[in-house]
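A.B. asks: When you get a sec, could you give me coordinates for this:
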Amino acid sequence: MGTNPAEIEIQKRLTEQIALVVSVKPGAVKPDAALHELGMDSMGFVEMLVFIEKQFGLKLIETGLKREDFQTVQSLAKRIHDELRS
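C.D. replies: Residues are numbered from 1 along each chain as shown. The predicted structure is shown next:
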C-alpha cells in the first residue's frame, strides 16, 4: 500500500466495494491479490467501473484505464489517485 493518505483512502473504498461485489468480507481482499483470483467476473468489473465513475467522478472513457490497471486493488488505487491529481 502506498503511504499517501489519499491513495490509502481510495484503496480502502475499492476494497470495500470489491468485497461487496465478490461477496466476501473486506479483510479477505488483499491489496496485492489479483482481482480475477478473488472471483471478479466480467459483471463484477462492470460494477466496479460504474462505482469508480460515481465514487471518484472520473469519466472512464477519458482516463485511458488499461487492463493492467485492474490487476490488483493496489494498482487500481494508484491509477485512480494519479488520475485525480492530473
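
A.B. asks: From now on I want contacts and neighbour counts done on CA atoms only, so please keep to that.
C.D. replies: Noted.

A.B. asks: Mind listing residues that contact the helix or strand of the chain with the lowest mean pLDDT?
C.D. replies: Within the chain, no helix or strand scores below helix 60-63, which has a mean of 79 by mean pLDDT, DSSP states H and E. Residues from elsewhere that reach helix 60-63 (Cα atoms under 8 Å, 6 or more residues apart in numbering): Leu49, Glu53, Glu83.

A.B. asks: In strands, which of those fall?
C.D. replies: Residues of those located in strands (DSSP state E): none.

A.B. asks: want to throw those into CSV with distance to Lys25?
C.D. replies: Converted to CSV, the contacts of helix 60-63 look like this (distance: Cα to Cα, whole Å):
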residue, distance to Lys25
Leu49, 20
Glu53, 23
Glu83, 28
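
A.B. asks: quick check, nearest of those to Gln74?
C.D. replies: Ranked by distance to Gln74 (Cα to Cα), the contacts of helix 60-63 are led by Glu83 at 14.3 Å.

A.B. asks: Would you check how far apart that closest one and Gly64 are?
C.D. replies: 10 Å (Cα to Cα, to the nearest Å).

A.B. asks: what about those two, which has more around it?
C.D. replies: Glu83 (14 against 10; other Cα atoms under 10 Å).

A.B. asks: what's the pLDDT at that one?
C.D. replies: Listed pLDDT for Glu83 reads 91.

A.B. asks: What strand or helix carries Ile10?
C.D. replies: Using DSSP states H and E, Ile10 sits in helix 5-22.

A.B. asks: Now do the contacts for the closest residue to Glu16 other than its chain neighbours.
C.D. replies: Spatially, and ignoring its direct neighbours in sequence, Glu16 is nearest to Pro26 (5.4 Å; Cα to Cα, 6 or more residues apart in numbering). Counting by Cα under 8 Å, 6+ apart, Pro26 makes contact with Thr15, Glu16, Ile18, Ala19, Leu20.

A.B. asks: Off-centre distance for the helix holding Ile10?
C.D. replies: 6 Å (Cα atoms, centre = their mean, to the nearest Å).
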